[in-house]
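S.K.: build me a model:
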Amino acid sequence: MDLRSLSLAAHEAGPVVEAASALLPPAEAEAAPPSSTPTPAPPPPLRAPSDIEHFINRLVDLTEQEREVEEGESRLLFSSCPFSLLEKRGLALGNLAIAKTSIGLGGKTLIDLERPAHLHSTSTFPPHSFRPGDLASIVDHSISGNGTKGKGKPAKESPAIEGVVWKVLETRIVVALNRGRGGDAKEEDTELPERIRLLKVANPSTFDRQVQTLRTLLRNLYPTPYHQIMNTPPPLVSLLLGLSSPLPFSPPTTPTTFYDPFLNPSQKSAVDFALAPTSLVSLIWGPPGTGKTQTLVEIVRHLVASGQRVLICGGSNLSVDNLLLRLSLPHPTFPPIPLTRLGHPARVLNSLVEHTLDSQSLRTDAADLLVGIKEELGGLETALNGVGKGRVKGRDRKDKWEEVRALRKEYRKRESGVVIEVLKRAKVCLATCHGAGSRILENERFDVVIIDEAAQAVEPSCWIPILKGGKKLILAGDHLQLPPTIKSLNGPRKATTKAEPKFKSDKSAAKGTKAPRGSAKTLTEQPPTSPAAEARASSPPPPSPQPDVEPAPPIAPPTLLDPTSSATSPSADFALSPLSTTRIRPSPTLELTLFSRLLDLHGPGIRRMLTTQYRFNEKIMRFPSEALYDGELIAADSVKDRVLSDLPGVEKDEDLDEPVVFIDTAGAAMFERKQSADESSLGSESKSNENEAALVIAYVDTLLAANVPAEAIAIVSPYNSQVSLLASLIHPNHPEVEIASIDSFQGREQEVVIISLVRSNEEGIVGFLSEQRRLNVAMTRPRRQLVVVGDSGTVAKGSPFLKKWMDWLEENADVRVAE
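M.R.: Here you go, the predicted structure:
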């Protein structure tokens, strides 16, 4: 896409454009008033380096690819599968009726859906996957897939109505309709069917907002289609794009007084670093259990105390709510912080709803003015969406819709004043990265932007909140755990990926030693032999070309720098900062996060590592610390000796109190089983291992017999088919036992975690089990006991990292041979 089309497209990008326009200064040529007096020809304009242009365009292309894959999957699923199969898989619910309607914030219509008694034998919904916050589509149940209604009669075109699942109960699902926000009268007047099908659908707005943000960034670097002089970006944007390098850290002249007396030295160091005026970008590297949230809360308190306004974002609603929960707790010496949580209330934990914009808006003095309009709107919506004879029809229906539109317009006008009043009081706003691009924040500016789980968020989504603040950016996360899930990686990969950058520990960086900056190895080269370097190298491919059918294994982030490029020399056609000696190159995949890219771009000097962990027994910690974290992790005294017998009602037992147990199935011929698409999830294949499942069940029974609570046990596996198999065998008797895929268990923890590795074959094929970041997630979830069930003979052949893990288990774990 050329500069002209990018600029024109960005003019239509909505509020994101306006936000970025305020962040980036306009070009001087545009600001000058027109003059009829001839002026001397200006000197040739300085062009922005093409690598910046290519870098942003590449992110746009990758985002569009991801959108195409996700929307294509959704279309294929719903076009090729009969409704009965979708319902069986929990992706749809049919023969529903509207029980009532009401009005939510923004004039949104809320409809309560239920299973009517004359169509169902029970009012309770069958098992389904609808959750608050899911995007759903409402269609007429009476229209079959071939476009007929009833007994083969042609059906009128009935467009789907989209909404967001607001609340899920056993007998009722509440959906907030999206219609009418844009003023489309035809869409708003769409009649809701009497019999409804509810379908889960993909959400394209996520990709729309990311693409708009990137185009806006490029537009503001190139302000007009005809004026291609690059604006001087703010220092933060310049740093993020590699046009300048970070300044040396200046420690505080006087010791910082910390509000939290329980911070450890590594946390205090991270707080001082993030608050330093020279730290425009700070990476808080938080390995599992090291108190990352506690550190961020301390940083926020200091920022608020200094009068700064903060925008906190995360890659998921759960990460945002976790920070909101900690910030909302009373503190003995720090006054309550005015907090406002943006986003759909359906996506917020019930205990935190009082902090949402919706809830706070209802508690303002001006909110009383909305009550009358809201009640009138609710009455009209009920009449328009009623069932049978109660539904308004004919000319009266058109008149009623005109009243609804007028009332909604008045409602939103008054409501905007209420929203402005709430946001004006908020010192800290919290939202997902996507939610930060909401129109509600269109005119809001922040001094500091904090992004949690930044190592699991795609870079385009991170730019959305970045364009809301211009002074400081703090990213928190762990790039050695799983990166964001990228569906488009399942297709052919055109780019040759390279290894993730390798750095020495923060301890060596603090001593002034320079991290190695040599050229990265490709995936086909031999991995380095040192434990830390091997952990940061890309995972080798499976030994066999046979593809895995689960999500494609993440590719290790490649090196994007070209230190030898002539564009970095003083004679280049764009003046870089004297500190900048590198050149940014387009990202190969969206798996390369902003967190990893900045670490690669500027080195370990911009990060601080949290080293004291408060989660697991010291023995559980030992292998991931040595293999992945340079041996830097330290177990806090409160957790280093914790065992299962410390739990109430559990008696002391030498075998039970062993922190690491390895049930080895090597040589037992307990081979894996490949399941077809018909047997497993829609459109995919997976793998399971029934013999391993039996061993897992036997160990769970042992734990339960020793009075270990069922809710203290979690079972994880890399394969969804194994998860389904284990759930079908265990949940009928012990529903409290948590069973999940490794990927979905990231960010969680439990007293006992049992890992079923599944892979067992004579060829030594392990598939994406070789992705060490996935294994890092699995082995760092337990607090008191880690149980590994697998075939050491097969697994050890998968990669040097797996061989090292198997050897470590053989030497350090309580090894039990499977019978």
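
S.K.: tell me the secondary structure for Phe55?
M.R.: The assignment at Phe55 comes out as helix when based on DSSP: H, G, I helix; E, B strand; the rest coil.

S.K.: and it, how far from Arg395?
M.R.: According to Cβ to Cβ, to the nearest Å, Phe55 stands 58 Å off from Arg395. Glycine gets a C-beta too; all of them are placed from N, C-alpha and C.

S.K.: which strand of the chain spans the most residues?
M.R.: Ordering each strand of the chain by length in residues (DSSP state E) puts strand 92-103 first.

S.K.: any weak-confidence spans in the stretch 201-350 of the chain?
M.R.: Counting by pLDDT under 70, the stretch 201-350 of the chain contains low-confidence residues at 222-231.

S.K.: the chain now?
M.R.: Using pLDDT under 70, the flagged stretches of the chain are 1-49, 104-107, 143-159, 179-190, 222-231, 367-371, 381-382, 384-394, 490-583, 675-685.

S.K.: who are the contact partners of the residue most central in space within it?
M.R.: Most central residue of the chain, judged by C-alpha distance to the mean C-alpha position with Cα atoms, centre = their mean, is Gly315 at 3.2 Å. Contacts of Gly315 were listed using Cβ atoms under 8 Å, 6 or more residues apart in numbering, and they are 432-433, 451-454, 456-457, 461, 484.

S.K.: nearest residue to it other than its sequence neighbours?
M.R.: Ala457 (3.5 Å; Cβ to Cβ, 6 or more residues apart in numbering).

S.K.: the nearest residue to Glu749 once chain neighbours are set aside: neighbour count?
M.R.: Of all residues beyond its chain neighbours, the one nearest Glu749 is Arg781 (5.4 Å), with distances taken as Cβ to Cβ, 6+ apart. Look at Arg781: counted by other Cβ atoms under 10 Å, it has 25 neighbours.

S.K.: if I look at Arg781, how far off is Phe801?
M.R.: Taking Cβ to Cβ, one finds Arg781 at 18 Å from Phe801.

S.K.: quick one, strands of the stretch 251-400 of the chain?
M.R.: Listed in chain order, the strands of the stretch 251-400 of the chain (DSSP state E, counting those that start in this stretch) span residues 281-285, 310-314, 339-341.

S.K.: neighbouring strands for the second one, and are they parallel or not?
M.R.: In other words, strand 310-314. Partners of strand 310-314 in the sheet, by DSSP bridges, are strand 428-432 (parallel), strand 446-452 (parallel).

S.K.: how far does the shortest one sit from the chain's center?
M.R.: Chain-centre distance of strand 428-432: 15 Å, with Cα atoms, centre = their mean, to the nearest Å.

S.K.: was I right about Gln613 contacting Ile634?
M.R.: Yes: contact status for Gln613 versus Ile634: in contact at 7.1 Å, counting by Cβ atoms under 8 Å.

S.K.: what about the two, which has more around it?
M.R.: Shown here are Gln613 and Ile634; by other Cβ under 10 Å, Gln613 has more neighbours (25 against 16).

S.K.: that one: what's it in contact with?
M.R.: Going by Cβ under 8 Å, 6+ apart, Gln613 touches 287-290, 621, 633-636, 639.

S.K.: ok, 6 Å please
M.R.: 289-290, 633 (Cβ atoms under 6 Å, 6 or more residues apart in numbering).

S.K.: just Pro235 next, same as before
M.R.: Taking Cβ under 6 Å, 6+ apart as the contact definition, Pro235 lies against Leu280.

S.K.: now do 10 Å
M.R.: 243-244, 246-247, 280-281, 470-472, 577 (Cβ atoms under 10 Å, 6 or more residues apart in numbering).

S.K.: just checking, Thr63 touches Asp208?
M.R.: Yes: at 9.5 Å, Thr63 counts as touching Asp208 under the criterion of Cβ atoms under 10 Å.

S.K.: the more surrounded of those two?
M.R.: Thr63 (24 against 16).

S.K.: looking at this, the more buried one is in a helix?
M.R.: Yes: secondary structure of Thr63, determined by three-state DSSP: located in a helix.

S.K.: check the gap between it and Arg89 for me.
M.R.: 28 Å.

S.K.: measure stretch 326-335 end to end?
M.R.: For stretch 326-335, the first and last residues are 14 Å from each other (Cα to Cα, to the nearest Å).

S.K.: so after the host helix or strand of Gln210, what's the next helix or strand?
M.R.: Of the helices and strands defined by DSSP states H and E, Gln210 is found in helix 205-221. For helix 205-221, the following helix or strand on the C-terminal side (DSSP H and E) is helix 235-240.
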